[in-house]
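[1] All I have is the shape, not the residue letters:
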Ligand code: NDP
């Protein structure tokens, strides 16, 4: 069996040579452990941060060790009283075809409620991130205008739909015409802007948001965010969820400073990481699950087939090849 290690700390945009494939014996589970066969792997933008040796809210990946992320797997053999062969579980586990995991590292998921992959997407970390950032920090009111960047991705697509459920007018920013159509035609966004083909994003935003911007859910930072800041209304709220435009920069990010725009509009900008909300995960899961069942939330997954394509799927996040949640299918159950 193979696992994928971090071979180098990437400078700028990572490349295939920053990853190495290492052949290992299939592990033998010890007491209170299970042997897992990986079914799906999640690739996520935050993993880029863990490739750098810097202090953050989560420790860096170690060089020449297996990369760890969200994994859905099947129990092949169990030495735990809590799991049986055939159970499907989720955990933060290695990019490996087979893993021996401690019983405390994994949680059982019920494949009869929703497809198992939703636990890495709309019902998992990205869905919860959308829910808390938008509702706790953004607090959209009926009739207000919500702008979301990275709108067709795993988090952004959920943000826009929840904002619609709350009665807001929703404008998405994304990087292809196909994504723009998807947002407007399938997810019910009121407007959507392709930032890659618009010559003047500020002007496009002014047109798309005639009443200004009350909530800006920021997934990307950089020039897109600079443009949205010119359109803020008084008492705007800005959940800072991600800044993907800066993750592969070699040096510090530079750009217009935000202080004046924030003072003039009495805006509130707040960063967060999803772990901050751990005590309230159950609440979010219930709402997200309910909206999904009622058909008020839709989701898309971009699934790359084959364990060996995991690095490519990860790199695709920075090129925008994914619509909705990017996953890798490693094996059939
Ligand atoms: P996505 O599914 O949105 O995938 C990333 C998308 O970002 C791409 O599809 C691409 O879409 C867009 N993108 C890539 N590079 C750029 C760029 N330079 N400028 C603008 N857009 C770009 O990922 P997630 O939904 O998983 O994550 C979205 C954001 O939320 C990320 O910044 C991530 O780090 C953050 N995040 C934060 C969490 C938290 O706890 N605070 C938790 C989870 C995610 P396009 O075609 O539109 O360019």
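    The structure has been received and is ready for your questions. On a predicted model such as this, the values are computed, not experimentally measured, just so you know.
[2] Which stretches in the stretch 101-250 of the chain count as strands?
    In the stretch 101-250 of the chain, the strands defined using DSSP state E, counting those that start in this stretch lie at 106-108, 145-149, 169-174, 191-194, 213-217, 232-240.
[3] so which of these gets nearest the ligand?
    strand 169-174 (3.8 Å; C-beta to the nearest ligand atom). All C-beta atoms are positioned from the backbone trio N, CA, C, and that covers glycine.
[4] How about residues contacting that closest one?
    143-153, 156, 160, 163-164, 180, 183, 188-195, 201, 205, 208-209, 211, 213, 220, 224, 228, 320 (C-beta atoms under 8 Å, 6 or more residues apart in numbering).
[5] Now mean neighbour count too, for the strands of the stretch 101-250 of the chain, in JSON lines please.
    Output for the strands of the stretch 101-250 of the chain, formatted as JSON lines (neighbours: other C-beta atoms under 10 Å):
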{"stretch": "strand 106-108", "mean neighbour count": "17"}
{"stretch": "strand 145-149", "mean neighbour count": "30"}
{"stretch": "strand 169-174", "mean neighbour count": "27"}
{"stretch": "strand 191-194", "mean neighbour count": "21"}
{"stretch": "strand 213-217", "mean neighbour count": "27"}
{"stretch": "strand 232-240", "mean neighbour count": "20"}
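[6] Minimum distance to residue 310: which of those strands has it?
    strand 106-108 (19.7 Å; C-beta to C-beta).
[7] Against which helices or strands is the closest one packed?
    Using 3 or more C-beta pairs under 8 Å, 6 or more residues apart in numbering; DSSP states H and E, the elements in contact with strand 106-108 are strand 88-94.
[8] What are the buried residues along the strand it packs on?
    For strand 88-94, a neighbour-count test (16 or more other C-beta atoms under 10 Å) marks 88, 89, 90, 91, 93, 94 as buried.
[9] In contact with the nearest residue to residue 276 once chain neighbours are set aside, which residues are there?
    Leaving aside its sequence neighbours, residue 276 sits nearest to residue 132 (C-beta to C-beta, 6 or more residues apart in numbering; 7.7 Å). By C-beta under 8 Å, 6+ apart, residue 132 lies in contact with 272, 274, 276, 277, 280, 284.
[10] quick one: pLDDT of residue 132?
    As predicted, residue 132 sits at a pLDDT of 98.
[11] Quickly note the distance from it to the ligand.
    8 Å (C-beta to the nearest ligand atom, to the nearest Å).
[12] When you filter the contacts of strand 169-174 down to buried only, what's left?
    By 16+ other C-beta under 10 Å, the contacts of strand 169-174 give 144-153, 156, 160, 163-164, 180, 183, 189-195, 201, 205, 208-209, 213, 220, 224, 228, 320 as buried.
[13] Close to the ligand as well: tell me which of those residues qualify.
    150, 152, 153, 156, 220, 224, 320 (C-beta under 6 Å from any ligand atom).
[14] Closest one of those residues to residue 60?
    Residue 60 has its nearest neighbour among those in residue 220, at 22.7 Å by C-beta to C-beta.
[15] Check the contact between residue 114 and residue 291; I expect there is one.
    No - the pair residue 114 and residue 291 does not pass the contact test of C-beta atoms under 8 Å, sitting 11.9 Å apart.
[16] so what sits against both of these two?
    Counting by C-beta under 8 Å, 6+ apart, residue 114 and residue 291 have no contacts in common.
[17] any chance you could map the helices in the protein?
    Counting by DSSP state H, one finds helices in the chain at the ranges 46-50, 125-132, 154-165, 177-181, 201-208, 222-229, 259-265, 281-293, 310-316.
[18] Would you mind pulling the contact partners of the longest one?
    It refers to helix 281-293. 113-114, 118, 122-123, 127-128, 131-132, 158, 161-162, 165, 277, 297, 299.
[19] Separate out the buried members of the residues you listed.
    Buried among the contacts of helix 281-293 (16+ other C-beta under 10 Å): 114, 118, 122-123, 127-128, 131-132, 158, 161-162, 277, 297, 299.
[20] circling back: list just the one of the helices of the chain that sits closest to residue 235.
    helix 259-265 (7.1 Å).
[21] pLDDT of the closest one, averaged?
    96.
[22] Around the ligand, which positions in the chain sit nearby?
    44-46, 126, 129, 150, 152-156, 174-176, 179, 219-220, 222, 224, 241-242, 244-245, 272-274, 317-318, 320, 322, 326.
[23] Pull out the buried residues from the residues you listed.
    44-46, 126, 129, 150, 152-156, 174-176, 179, 219-220, 222, 224, 241-242, 244-245, 274, 317, 320, 322, 326.
[24] Residue 45 reaches residue 317, doesn't it?
    Yes - between residue 45 and residue 317 there is a contact at 5.3 Å, judged by C-beta under 8 Å.
[25] Pull up the overlap in contacts between those two.
    residue 244.
[26] Next one: residue 171 relative to residue 163, how far apart?
    Computed as C-beta to C-beta, to the nearest Å, the residue 171 to residue 163 distance reads 10 Å.
[27] can you list residues touching both of the two?
    Listed as contacting both residue 171 and residue 163 by C-beta under 8 Å, 6+ apart are 146, 148.
[28] How much space separates the spatially most central residue of the chain from residue 299?
    With distances taken as C-alpha atoms, centre = their mean, residue 126 lies nearest the centre of the chain, 4.4 Å away. Per C-beta to C-beta, residue 126 is found 9 Å from residue 299.
[29] Perfect, that will be all.
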